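K.L.:
Quick one: sequence and predicted model below, then my questions.
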Amino acid sequence: MVVMASFFSRPAAGRHEFSDVLGFVWRRWRAHPACLAWTLVGIAIATVADVMMPLLAGWLVSDVSRPAQGGALHHVMRDVAGLTGLGVGGILARRMAYVSISHLTSRVMSTIVTEAFARVQRFSSEWHASNFAGSTVRRITRGLGAIDTLGDTLLLMLAPEVIILCVTTAVLAFHWALMGLVLAVGAVALIGLSVMLTLGYVAPSAQLANRWDTRMGATLSDAVTCNAVVKAYGAEAREDARLAWVANRWRGRMLRSWLRGTNSANLQNLAALAMRMALIAGVALLWAKGRAGPGDVAYVLTMMFVIQGYLRDIGQQISVVQRSVNEMGELVALFHMKPDVADAPGAGRLVVGAGHIRFEHVAFGYTRQHGRLLFDDLNLDIAPGSRVALVGPSGSGKTTLTRLLQRLYDVNGGRITIDGTDIATVTQASLRGQIAIVPQEPLLFHRSVAENIAYGRPDATAAEIAHAARQANAADFIDRLPRGYATMVGERGVKLSGGERQRIVIARAFLSRARIVIMDEATSSLDSHSELLVQQAMERLMAGRTVLVIAHRLSTVMGLDRIIVFRHGRVWEDGTHAELMARHGGIYRELFEIQSR
Ligand SMILES: Nc1ncnc2c1ncn2[C@@H]1O[C@H](COP(=O)(O)OP(=O)(O)OP(=O)(O)O)[C@@H](O)[C@H]1O
């Protein structure tokens, strides 16, 4: 009863995923028609060769049961030659199918990984903020492995089984209509049972196991990525316990899924045995009634062995298909997701001249804030070439404002313009190419120093890279590195100090020739020499550009053209340092006095 209840409780999701994944795979196969056709033709020829074997074996038995004189020997030789031809033909055809499917699968896999990567890269910041990097990588790699298994099982195993069942049923029905009917009904019942067990009983538990598998990948990657924090707090044992908890749940789900697979295979094997017994009993009955001779019995028995060879693993194969479909499900889902932030149809390139930024009646709220707006009717006019500080308490919306300017999120209302052009009407790439970012935590690729500096302009010459490094006060320390500009910086730049990473990122901003700069002031304290070098580089970078500085230490913003104070997503105060300090009871003045103390 428990089994039956679960049969009908969740099959809909499984079926939906099945058609979704199979449709996805079919579309990819169809893109390589020659490989697909050769695979199918090869496997069809090999299967038909196998079907013909019992027929020839039957003829051989009939011929050898006659005296060897006369034409009987000739017939026997013909049967032997026929069997040899079928064997060799089957091997060659199967080889053609295997070679073709290897080409097909390798092409499909490389297309899928490239497309999946391209999509994931373009998903919004919101999506990346909500999905672990580790689970995304696991989703893709697990799905790729599954597509290989799925192709082999569907084309090289299940397709021949369907062919063999159809052809043998037809041949059998041609001899004895009733036997043909028994095979047809038995085969349909067997396949029906296999599909039902697989989709209704095994698939839901496999889906759950996969979700826990993804979760385990995420837990592993989270702890490994933050290993420095784990070490700093001596929290290895705590992280061990955390993983053990997830691993324990994962083990339970996996075990249940595997056991259900075994139960399902056993049931299917029993059903296959019943079908074979019915056929053997049928031919024995025909023999008793004198309607079948030794050749016929030999034919049915040989056919049984061939079919048995094919069908023995049908349950297993349907389970493999189901598992592969489940494993691909999360990968295929990536292809159905619409990017939250997309280029408008026919979006043009943004060309920034002076760098005049306007926020006009902007409304925005993060989706995870349940409809609550962070900005409501926000208006700002940032003059071209001005250097503006964004200050305010933590969570007041400073970073969000700069994210909206880069269009990492779409606004819910109003618009943002640069030099009069609505940023929603231009391509995201051209918009972001005009904005250089110096983040609080500089992120570097595990590539050479030169590649990291030239990330915004990969065509930059060595001389231009060195010039940018000099402007960013980075040239001296780069020259002292073991391989200079060719030195690899380590994962996320761990082989460089915080101040050095910061200056590499500033050099990157110099080289990008962006007209607008967003700086998120580093809160982590640098030593005073390092801080001076960074400060000088920043000053140089600001010259002649429109600059937004997210400032945490007010001492660094005093000399800027304008200071905008945010509170709860609203512009609370706006003016120069002197103007804001003149305001009694103002929050800037209060914050400044606290920090000065
Ligand atoms: N991806 C996100 N999803 C949901 N809410 C977010 C997200 N990012 C930020 N928030 C929320 O939006 C509000 C504004 O955050 P924001 O990072 O813009 O503040 P901030 O002024 O830059 O703060 P800080 O000075 O601490 O960096 C906060 O309440 C924050 O919790």
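P.N.:
Yes, it's here.

K.L.:
now Ser106: how far from Met96?
P.N.:
16 Å (Cβ to Cβ, to the nearest Å). Quick note: C-beta positions are derived from backbone N, CA and C, even for glycine.

K.L.:
and the two? which has more neighbours close in?
P.N.:
Legend: neighbour count by other Cβ atoms under 10 Å for Ser106 and Met96, higher for Met96 (17 against 12).

K.L.:
In terms of helices and strands, where is that one?
P.N.:
Element membership of Met96, judged by DSSP states H and E, is helix 72-122.

K.L.:
what does the helix or strand just after that helix contact?
P.N.:
Counting by DSSP H and E, the next helix or strand C-terminal to helix 72-122 is helix 125-130. Contact with helix 125-130 is made by Met337, Asp340, Tyr366, Thr367, Arg368, Arg403, Leu408, Tyr409, as judged by Cβ atoms under 8 Å, 6 or more residues apart in numbering.

K.L.:
tell me which residues in stretch 580-593 are buried?
P.N.:
Going by neighbour count (16 or more other Cβ atoms under 10 Å), the buried part of stretch 580-593 is Leu580, Met581, Gly586, Ile587, Tyr588, Arg589, Leu591, Phe592.

K.L.:
Then stretch 504-518?
P.N.:
Within stretch 504-518, the residues that count as buried by 16+ other Cβ under 10 Å are 504-512, 514-518.

K.L.:
what's the answer for stretch 310-330, then?
P.N.:
310-311, 313-330.

K.L.:
Stretch 100-119 too?
P.N.:
Neighbour-count burial for stretch 100-119 flags Ser100, Ile101, Leu104, Thr105, Val108, Met109, Ile112, Val113, Ala116 (criterion: 16+ other Cβ under 10 Å).

K.L.:
what's the answer for stretch 530-542, then?
P.N.:
Ser530, Leu533, Val534, Ala537, Met538, Leu541, Met542.

K.L.:
Among these, which are located in helices?
P.N.:
Ser530, Leu533, Val534, Ala537, Met538, Leu541, Met542 (DSSP state H).

K.L.:
Mind checking which residue lies nearest the centre of this protein?
P.N.:
Nearest to the mean C-alpha position of the chain, counting by Cα atoms, centre = their mean, stands Ile140 at 3.6 Å.

K.L.:
so what secondary structure elements neighbour the longest helix seen in the chain?
P.N.:
Looking across the chain with DSSP H, the single longest helix is helix 236-288. For helix 236-288, the helices and strands in contact under the criterion 3 or more Cβ pairs under 8 Å, 6 or more residues apart in numbering; DSSP states H and E are helix 177-196, helix 203-225, helix 294-311, helix 314-336.

K.L.:
let's go with 10 Å and repeat that
P.N.:
Judged by 3 or more Cβ pairs under 10 Å, 6 or more residues apart in numbering; DSSP states H and E, helix 236-288 is in contact with helix 2-9, helix 159-175, helix 177-196, helix 203-225, helix 227-232, helix 294-311, helix 314-336.

K.L.:
Just want the angle from that helix to helix 314-336.
P.N.:
Counting by axes from the mean of the first three to the mean of the last three Cα atoms, to 10 degrees, helix 236-288 points 130 degrees away from the direction of helix 314-336.

K.L.:
gap between helix 236-288 and the chain center?
P.N.:
29 Å (Cα atoms, centre = their mean, to the nearest Å).

K.L.:
Also stretch 318-332?
P.N.:
Taking Cα atoms, centre = their mean, one finds stretch 318-332 lying 14 Å from the centre of the chain it belongs to.

K.L.:
Now do the contacts for Ile163.
P.N.:
By Cβ atoms under 10 Å, 6 or more residues apart in numbering, the contact set of Ile163 is Leu40, Ile43, Ala44, Ala46, Thr47, Val48, Asp50, Val51, Tyr310.

K.L.:
just to revisit the earlier point, which residues touch the residue nearest to the centre of the chain?
P.N.:
Ile140 makes contact with Ile112, Val113, Ala116, Phe117, Val120, Glu330, Leu331, Leu334 under the criterion Cβ under 10 Å, 6+ apart.

K.L.:
same deal with Leu181?
P.N.:
Contacts for Leu181 (Cβ under 10 Å, 6+ apart) come out as Thr169, Leu172, Ala173, Gly282.

K.L.:
any idea of the pLDDT on it?
P.N.:
Note for Leu181: predicted pLDDT of 87.

K.L.:
and the gap between Asp20 and Val517?
P.N.:
In terms of Cβ to Cβ, Asp20 sits 45 Å off from Val517.

K.L.:
Also Val352?
P.N.:
Per Cβ to Cβ, Val352 is found 12 Å from Val517.

K.L.:
quick one: common contacting residues for these two?
P.N.:
Shared contacts of Val352 and Val517 (Cβ under 10 Å, 6+ apart): Ile435, Arg545, Thr546.

K.L.:
Now a ChimeraX select for only the buried ones of those.
P.N.:
The following ChimeraX line selects those of these that are buried, judged by 16+ other Cβ under 10 Å:
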select :435,545,546
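
K.L.:
Which single one of the shared contacts of Val352 and Val517 is nearest to Thr225?
P.N.:
The nearest member of the shared contacts of Val352 and Val517 to Thr225, counting by Cβ to Cβ, is Ile435 at 26.9 Å.

K.L.:
Quick check: phi and psi on the closest one?
P.N.:
phi -120, psi 120 (degrees, to the nearest 10).

K.L.:
That one contacts Ala429, doesn't it?
P.N.:
No. Assessed by Cβ atoms under 10 Å, Ile435 is found out of contact with Ala429, at 11.3 Å.

K.L.:
joint contacts of those two?
P.N.:
Common neighbours of Ile435 and Ala429 (Cβ under 10 Å, 6+ apart) are Leu350.
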